[in-house]
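# Structure, please.
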Amino acid sequence: MPHPDQLLTIDEEEEDPLDEEEEDLLDWATMTVVYAVGYIRVLADAIERGDADVQVNPVAWENTLTAVEGVMAEQIRGRLHGPTPITVEDVERMQRLRSLGSAALSGGERSPEFCPLALRCMESLFGQDWTRAARDAASCARALNQEFYPRSGT
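Modelled structure (predicted):
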């Protein structure tokens, strides 16, 4: 039985415990989703406020959103299960969001499409409770971003 705080689960037999590879996949997938939603929330909030400094490292954005697309693909294949069923359209929306976010992070256009798309993507990953989860995930993402990409003067 999965831990009650576990975001994702692996399709398994009731009697068979997860092997080390499955546990690693589950841990990686869960953390990937948490950080992806965190970065999405941080960037969406910054864009919505019109902040010049969006507080998301472009490399972290690209790597994390690419990884979450992989997690979503594993859900489509049936290897992982999350709080909501993931569709090909969800993955395509995430790819579009990654592209729009990358453009904004590189100083390009901050598309008005970004924030509504961000909300849909967060909901597809976390389900009905995405607002609370996104707030918590944003805090984790900010801490991780500060640890690996510290800013001078902060």
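# which of the residues in stretch 122-130 are buried?
Taking 16 or more other C-beta atoms under 10 Å as the neighbour-count basis, stretch 122-130 is seen to contain the buried residues 122-126, 130. All C-beta spots, glycine's among them, are computed from the backbone N, C-alpha and C.
# What of stretch 70-89?
By neighbour count, with 16+ other C-beta under 10 Å as the criterion, the buried positions of stretch 70-89 are 71-72, 74-75, 80-83, 86.
# With respect to Ala36, which of the buried residues of stretch 122-130 is nearest?
Ranking the buried residues of stretch 122-130 by separation from Ala36, with C-beta to C-beta as the measure, puts Leu125 on top at 7.0 Å.
# average pLDDT for the lengthiest helix in the chain?
The longest helix of the chain (DSSP state H) is helix 20-49. When pLDDT is averaged along helix 20-49, the result is 87.
# on that earlier part again, restricted to strands, list the buried residues of stretch 70-89.
Within the buried residues of stretch 70-89, membership in strands is found for 80-81, as judged by DSSP state E.
# For the buried residues of stretch 70-89, which two are the farthest from each other?
Comparing all pairs in the buried residues of stretch 70-89 by C-beta to C-beta, the longest separation belongs to Glu74 and Pro83, at 14.6 Å.
# Give me the distance between Asp90 and Val56.
21 Å (C-beta to C-beta, to the nearest Å).
# Flag the shaky bits of the chain, pLDDT-wise.
Residue ranges of the chain with pLDDT under 70: 1-18, 129-154.
# what ranges do the helices span in it?
Read by DSSP H, the chain holds these helices, from start to end of the chain: 20-49, 58-77, 88-105, 114-126, 130-148.
# Against which helices or strands is the fourth one packed?
Contact here means 3 or more C-beta pairs under 8 Å, 6 or more residues apart in numbering; DSSP states H and E; on that basis helix 114-126 packs against helix 20-49, helix 88-105, helix 130-148.
# Restrict it to CA atoms and write it as PDB.
Presented in PDB, the C-alpha positions along helix 114-126 are these (Å, rounded to 0.1, in the frame of the first residue of the first chain):
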ATOM      1  CA  PHE A 114       1.500  31.200 -20.000                       C
ATOM      2  CA  CYS A 115      -0.500  31.700 -16.800                       C
ATOM      3  CA  PRO A 116      -3.700  29.900 -17.900                       C
ATOM      4  CA  LEU A 117      -1.600  27.100 -19.400                       C
ATOM      5  CA  ALA A 118       0.400  26.900 -16.100                       C
ATOM      6  CA  LEU A 119      -2.800  26.400 -14.100                       C
ATOM      7  CA  ARG A 120      -4.000  23.600 -16.400                       C
ATOM      8  CA  CYS A 121      -0.600  21.900 -16.200                       C
ATOM      9  CA  MET A 122      -0.400  22.100 -12.400                       C
ATOM     10  CA  GLU A 123      -4.000  20.700 -12.100                       C
ATOM     11  CA  SER A 124      -3.100  17.800 -14.500                       C
ATOM     12  CA  LEU A 125      -0.200  16.800 -12.200                       C
ATOM     13  CA  PHE A 126      -1.800  17.300  -8.800                       C
END
